[in-house]
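Asker: The following comprises the amino acid sequence and a computationally predicted model.
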Amino acid sequence: GVVIGKELTKKFYDNGFDKSYYLGCSTGGRQGWNSVQKFPNDFDGVVVGAPAINFIGLLSLSAHFYPITGPPSSKTYLSTTEWKIVHEEILRQCDAIDGAKDGIIEDPDLCQPIFETLICKSSSKSKGNCLSPEQVNTAQQV
């Protein structure tokens with residue numbers, strides 16, 4: 001891809017190019033790191049952000065959540081809609097900690113949301129914007 005890209009660039013631009021840079025993050029970072037090792041002369045500079053090098057570690061981190069959430073049929077499972085309820089509650093409780101209610105939690109370490117506020121009341125007939133105690137426990141663990 002790099003070789004073909006450089007050839008196309010030379011044909012498209014009258015002056016060609018003087019320098020060649022690579023920028024990638026995550027998988028692109030891993031690809032950039034791999035490119036530097038295999039083809040060190042391809043680029044004049046490389047910015048490799050968050051290269052997902054320890055991919056097995058990343059996968060095992062993802063797998064760590066399954067015992068907490070369980071399968072979709074589990075009482076501890078939260079759907080995408082229910083995670084949105086958790087997200088909105090976190091923003092409600094923590095967004096203004098930095099003095100600006102702007103949809104951004106500036107310092108997540110300062111955010112200690114109390115998820116029990118999401119537990120459905122026994123008198124509630126619909127489960128619209130609330131969760132079961134098991135689901136609240138899942139959100140706390142995650």
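Answerer: Looks like it arrived, so ask away.
Asker: Could you use CA atoms for every contact and neighbour count after this?
Answerer: OK.
Asker: I'd assumed Lys84 was in contact with Asn129.
Answerer: No. With contact taken as CA atoms under 8 Å, Asn129 and Lys84 are classed as non-touching, separated by 9.5 Å.
Asker: So which residue is dead centre in the protein?
Answerer: For the chain, Ser26 is the residue whose C-alpha lies nearest the centre (CA atoms, centre = their mean; 10.6 Å).
Asker: what comes into contact with the least confident helix or strand in the chain by mean pLDDT?
Answerer: Sorted by mean pLDDT, DSSP states H and E, the helices and strands of the chain end with helix 55-63, the least confident at a mean of 79. Residues outside helix 55-63 that contact it (CA atoms under 8 Å, 6 or more residues apart in numbering) are Ala52.
Asker: Val46 belongs to a strand, doesn't it?
Answerer: Yes. Counting by DSSP: H, G, I helix; E, B strand; the rest coil, Val46 is found in a strand.
Asker: In contact with it, which residues are there?
Answerer: The neighbours of Val46, taking CA under 8 Å, 6+ apart as the test, are 21-23, 32, 36.
Asker: Which strand residues bridge it?
Answerer: Each beta-bridge partner of Val46 is listed here, defined by DSSP bridges: Tyr22.
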